[in-house]
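Enquirer: pasting the sequence and the predicted model now:
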Amino acid sequence: MSADIDAKGGSLRWKHVIGILGGMGPYAHIELEKQLLQATAELIGRPPVDQDYPSWLLASFPETPDRTLALLGRGPSPLPWLERGVRSITAGQPGLRAEFVVIACITAHAYLEQLQRRVAVPVVDTIVETVRRAADLGARRVGVLATTGALQARVYQDAAERLADGMEIVSLLDLEHGGRSGVDLQELLLMEPVYGPWTSSGRAGGGLKSGLVEDPAGEISGRVAEGVRLLKEARAELVVLGCTELPMVIRDQAHGIPLLDPLAIVARSAVEMASGIRPLP
């Protein structure tokens, strides 16, 4: 299926403006924007010029309460901030407002159903897009690296049950290794690399959400890679990088198992929807 190309200008004739709900954290929505650029180049099949890219609007409210803390009952709900973000980019005249929205945070999808009831514009479900891709690849046992909030909210597990009969989701919380429980593995190999260490006053920062993408010593990428390895040993057939910051440090590394990047998957979906190749959700 090809995109609608303007014969006169050689550019895509975009039909819809994309909305990005970001700021959770900011590096994740920057990564999503990069993926939108890459998806556009792949869609048109040639090096793009400025005018080839779709329009998008960004709502970045980093003060949005932490989604995992909210899901664990330790903090306020982010839902009012999510709604404010969507409304901020969907007001205005046609062509100058977002006509559908992508959320650059996996854990926030635990609130997607409630959010969709509050706003009229359609919101793309990145979890659904990712589970469908895993099913298309024939995976029956899928490893997921995701925040504790996303796992306890069962965003991947519930989507797999609805969309892929027989698909099993396995996470670090389900494992034991080296005398460590699943809770310990989840903290050491996922939560600390993403958020930084936990202290008596909360997260100290110093992880991927703090912008530590370069990771010259390889400590962060090494921990995430160990998580991938353990999921592979647990017979996962592929691993979903189910926290939007993870692909910034692990995407190009070889681990002997397919890695799915939800941001790359939803970026391709968003570009196809913006071009009219796919209908809006």
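Expert: Cool, got the structure.

Enquirer: residues contacting the nearest residue to residue 135 once chain neighbours are set aside?
Expert: Counting by Cβ to Cβ, 6 or more residues apart in numbering, residue 164 is the residue found nearest to residue 135 once chain neighbours are left out, at 4.1 Å. The C-beta positions use only the backbone N, C-alpha and C, and glycine is treated the same way. The contact partners of residue 164, by Cβ atoms under 8 Å, 6 or more residues apart in numbering, come to 131-132, 134-135.

Enquirer: what ranges does the stretch 51-200 of the chain have for its helices?
Expert: With helices called from DSSP state H, counting those that start in this stretch, the stretch 51-200 of the chain shows them at 67-71, 79-89, 112-118, 126-136, 148-152, 155-163, 182-186, 192-195.

Enquirer: packing partners for the fourth one?
Expert: Think helix 126-136. Helices and strands touching helix 126-136, by 3 or more Cβ pairs under 8 Å, 6 or more residues apart in numbering; DSSP states H and E, are helix 155-163, strand 238-241, strand 259-260, helix 262-275.

Enquirer: neighbours around residue 125, how many?
Expert: Counted by other Cβ atoms under 10 Å, the residues lying close to residue 125 total 21.

Enquirer: got a pLDDT number for the nearest residue to it once chain neighbours are set aside?
Expert: Of all residues not flanking residue 125 in the chain, residue 112 sits nearest, at 6.1 Å (Cβ to Cβ, 6+ apart). Looking at residue 112, its pLDDT is 98.

Enquirer: please apply the same query to residue 2.
Expert: 41.

Enquirer: so the residue nearest to residue 125 makes contact with residue 123?
Expert: Yes: counting by Cβ atoms under 8 Å, residue 123 is a contact partner of residue 112 at 6.2 Å.

Enquirer: least confident secondary structure element in this protein?
Expert: strand 202-203 (a mean of 76; mean pLDDT, DSSP states H and E).

Enquirer: distance from stretch 154-168 to the middle of the chain?
Expert: Centroid displacement of stretch 154-168 relative to its chain, using Cα atoms, centre = their mean, to the nearest Å, is 17 Å.

Enquirer: what is the mean pLDDT for it?
Expert: 96.

Enquirer: buried stuff in it?
Expert: Going by neighbour count (16 or more other Cβ atoms under 10 Å), the buried part of stretch 154-168 is 155-157, 159-160, 164, 167-168.

Enquirer: could you dump these to a markdown table with distance to residue 224?
Expert: A markdown table is the format used below for those (distance: Cβ to Cβ, whole Å):
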| residue | distance to residue 224 |
| --- | --- |
| 155 | 19 |
| 156 | 17 |
| 157 | 21 |
| 159 | 22 |
| 160 | 22 |
| 164 | 25 |
| 167 | 23 |
| 168 | 22 |
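
Enquirer: give me the element residue 220 is part of.
Expert: Per DSSP states H and E, residue 220 falls inside helix 219-233.

Enquirer: for the nearest residue to residue 192 once chain neighbours are set aside, give its distance to residue 279.
Expert: Leaving out its chain neighbours, the residue that sits closest to residue 192 by Cβ to Cβ, 6+ apart is residue 207, at 6.4 Å. For residue 207, the distance to residue 279 (Cβ to Cβ, to the nearest Å) stands at 38 Å.

Enquirer: okay, buried residues for stretch 194-213 please.
Expert: 194-196, 203, 207-210, 212.
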